[in-house]
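# sequence first, then the predicted structure, then my questions.
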Amino acid sequence: MKKYILLNPGPVNIKESVRKALMAPDMCHREPEFSSLLLSCAKKLLRAFSVKGSYEAVFFTGSGTAALEAAVSSCVGPGRKILVVNNGVYGGRIAEIARRHNIGIVDLKSDIMRIPDMDSVEKRLKSDRSIAVVAMVHHETSTGILNPVYKAGALCRKYGKLFLLDSISALGGEDINLKKANVDLCVGTANKCIEAVPGVSFVLVSRTALAAVKGMRPRTLYFDIPSNLKSQKEGTPLFTPAVQIFFALERALDELIKEGVTRRINRYRQMAALLREGFETAGFEYLIDPEYHSNTITAFLVPRGITYEKLHRTFKLKGFIIYAGQSKLKGNIFRIANMGQISRSDANRIINIAKGLMKE
């Protein structure tokens, strides 16, 4: 099978050491060997993001959306509401999860091309005391916007609300101090900036959040955070996890700790700058103001006279996978992600392909 350079926002190209870790022996998830692996992954995850002692890590077999659904469905009590700061497809996903669980919701929609207005958030918090949780997407992947996490966290601290952060596309790729940002539930996944493979996602839960959700009647069986965390810490996961994926995750966490989160973020930032300069020089235009750009995704307008299908086909024939726009942006934009193991020579090759396309 042909090898591609993945410029989609997960799954990403991974190190060979992580790939080899998948070739682990068959193992029963009820045995102490797997319990040790699970606890090791939790400790390394907390160590990597400097939250050991302040947070717990609870894992779910599934994509990032699995952990997100666990976080949303587990943290809002009866008669209370979740305020969703919604400025894109993934903010909308949080709101949809809440609706499907019949959770009271304040869906605060804003312009998808800009960061949300925090004054509007504060106004709602002042006027509606039934709001218990504020939810925000860290990196709104549909546009590449990096949202104002610290400002949202400060409002949650001021008004005594839990802060749920969807950091699925950001954790490991963006600067964040979870404690200083007052994040209570941080949702992440293995197969993006952590550079492992798809199949495992997680929630980092603060002590404050654990105390708040304790005793709440579970809305789901599979996604209940307190019961999953309790069983995982006891070494007896409630359900069959993706055993081999945890071997790859542990290896990826070793690689992350070795590199250092700060150095990884800088690597991504430098790669993003290289790609943006190259595509801009080639004549491509940004979707959003560069002021709002994240470290890991850039959305470009599809040039006039070229379709997204042609762009995708041309890049794929040369060994690169790009990503389409979503919702109303479908067909109008494409996205270039720079997570994972992408070299400067890879970046220069795709830039040259882009320049060739614009000269046709």
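Yes, it's here.

# residues touching the nearest residue to G144 once chain neighbours are set aside, list them.
Among residues not flanking G144 along the chain, I297 sits closest, at 4.2 Å (Cβ to Cβ, 6 or more residues apart in numbering). C-beta coordinates here come from the backbone N, C-alpha and C atoms, glycine included. By Cβ atoms under 8 Å, 6 or more residues apart in numbering, I297 lies in contact with P9, H139, T141, G144, S169, R335, I336, A337, N338.

# can you tell me the closest non-neighbouring residue to D224?
Closest residue to D224 apart from its sequence neighbours, by Cβ to Cβ, 6+ apart: P218 at 3.9 Å.

# my error: substitute P11 in the last question.
N191 (4.7 Å).

# list the buried residues of stretch 295-305.
Judged by neighbour count using 16 or more other Cβ atoms under 10 Å, the buried positions of stretch 295-305 are N295, T296, I297, T298, A299, F300, V302, P303.

# I288: which of the residues you listed is nearest?
Using Cβ to Cβ, A299 is the member of the buried residues of stretch 295-305 that lies nearest I288, at 6.4 Å.

# that closest one: which element?
With secondary structure defined by DSSP states H and E, A299 is part of strand 297-301.

# in the helix or strand just after that strand, what counts as buried?
Helices and strands here follow DSSP H and E; after strand 297-301, the next one along the chain is helix 308-317. Using 16+ other Cβ under 10 Å as the test for burial, helix 308-317 gives Y308, L311, H312, T314, F315.

# isn't the last one right next to A324, touching?
To tie it back to what came earlier, the one meant is F315. No - distance between F315 and A324: 11.8 Å, which falls outside the contact criterion (Cβ atoms under 8 Å).

# residues contacting E234?
Listed by Cβ under 8 Å, 6+ apart, the contact set of E234 is empty.

# one more: H29?
For H29, the contact set (Cβ under 8 Å, 6+ apart) comprises P237, T240, P241, V243.

# now intersect those residues with the helices, please.
V243 (DSSP state H).

# from E309, how far out is the closest residue to T307 other than its chain neighbours?
Counting by Cβ to Cβ, 6+ apart, G331 is the residue found nearest to T307 once chain neighbours are left out, at 7.5 Å. Distance, G331 to E309, by Cβ to Cβ, to the nearest Å: 9 Å.

# quick check: neighbours shared by the two?
The overlap between the contact sets of G331 and E309 (Cβ under 8 Å, 6+ apart) is empty.

# show me where the stretch 151-300 of the chain has strands.
Applying DSSP state E, counting those that start in this stretch to the stretch 151-300 of the chain gives strands spanning 162-166, 185-189, 200-206, 297-301.

# of those strands, which is nearest D254?
strand 200-206 (15.2 Å).

# show me what that closest one is packed against.
helix 32-48, strand 55-61, helix 64-75, strand 185-189, helix 225-233, helix 243-259 (3 or more Cβ pairs under 8 Å, 6 or more residues apart in numbering; DSSP states H and E).

# looking at the ones you listed, which is buried most?
When the helices and strands packed on strand 200-206 are scored by mean count of other Cβ atoms under 10 Å, the highest mean neighbour count falls to strand 185-189 (a mean of 29).
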